[in-house]
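Q: Provided below are the primary sequence and the corresponding predicted coordinates.
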Amino acid sequence: QVQLMESGGGLVQAGGSLRLSCAASGRIFSINAMGWYRQAPGKQREMVATITSGGSLNYADSVKGRFTISRDNSKNTVYLQMNSLKPEDTAVYYCSATLSALGALGPRAYWGQGTQVTVSS
């Protein structure tokens with residue numbers, strides 16, 4: 001079994017900061033890309049930021065310059081530092097990892113349960 005456990009969400013005022021963490025655990029052989037997605041009420045889930053095993057980064061235009069994604073491969077953990085938060089950043093944030101579990105035929109995507117981020121104006 002593989003699990004992704006997120007932490008760090010909460011309520012913050014506009015202009016504030018939060019740091020999300022997501023740790024992958026279980027029978028993991030290797031992890032490729034990791035990333036953060038979000039879903040606001042009434043909207044589709046969207047990509048926020050991703051990072052490959054080689055360190056290549058990709059950000060949504062709406063968060064460039066404000067959010068920073070990083071990962072600690074030794075801990076199978078990905079982070080999302082969110083600065084200058086805006087009310088429109090309010091959403092449930094989901095961690096995702098494309099990884100190969102031990103004994104699996106190949107990599108597939110796994111998802112965390114989500115953590116709520118609320119930014120008040």
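A: Yes, it's here.
Q: Enumerate every residue touching the residue most central in space within the chain.
A: Closest residue to the average C-alpha location of the chain: Trp36 at 2.6 Å, with C-alpha atoms, centre = their mean. Applying C-beta atoms under 8 Å, 6 or more residues apart in numbering to Trp36 gives the contacts 20, 22, 47-50, 69, 78, 80, 93-96. Just so you know, the C-beta spots here come from the backbone N, C-alpha and C atoms, and that holds for glycine as well.
Q: The residue of the chain most remote from its centre: what secondary structure?
A: Within the chain, Gly103 marks the point farthest from the mean C-alpha position, 25.4 Å out by C-alpha atoms, centre = their mean. At Gly103 the chain is in coil, as set by DSSP: H, G, I helix; E, B strand; the rest coil.
Q: remind me which residues of this structure are low pLDDT?
A: Within the chain, no stretch has pLDDT under 70.
Q: Could I get the full set of helices for it?
A: With DSSP state H as the definition, the chain shows no helices.
Q: what's around the residue nearest to the residue farthest from the centre of the chain when sequence neighbours are not counted, how many residues?
A: With C-beta to C-beta, 6 or more residues apart in numbering as the criterion, Gly103 has its nearest non-adjacent residue at 7.2 Å, and that residue is Arg27. Neighbour count for Arg27, taken as other C-beta atoms under 10 Å: 10.
Q: Could you do the one 10 residues further on as well?
A: Applying other C-beta under 10 Å, we find 20 residues neighbouring Tyr37.
Q: that older thread, which residues does the residue nearest to Gly103 contact?
A: By C-beta under 8 Å, 6+ apart, the neighbours of Arg27 are Gln1, Val2, Ala101, Leu102, Gly103.
Q: Quick one: buried ones out of the residues you listed?
A: Val2, Ala101 (16 or more other C-beta atoms under 10 Å).
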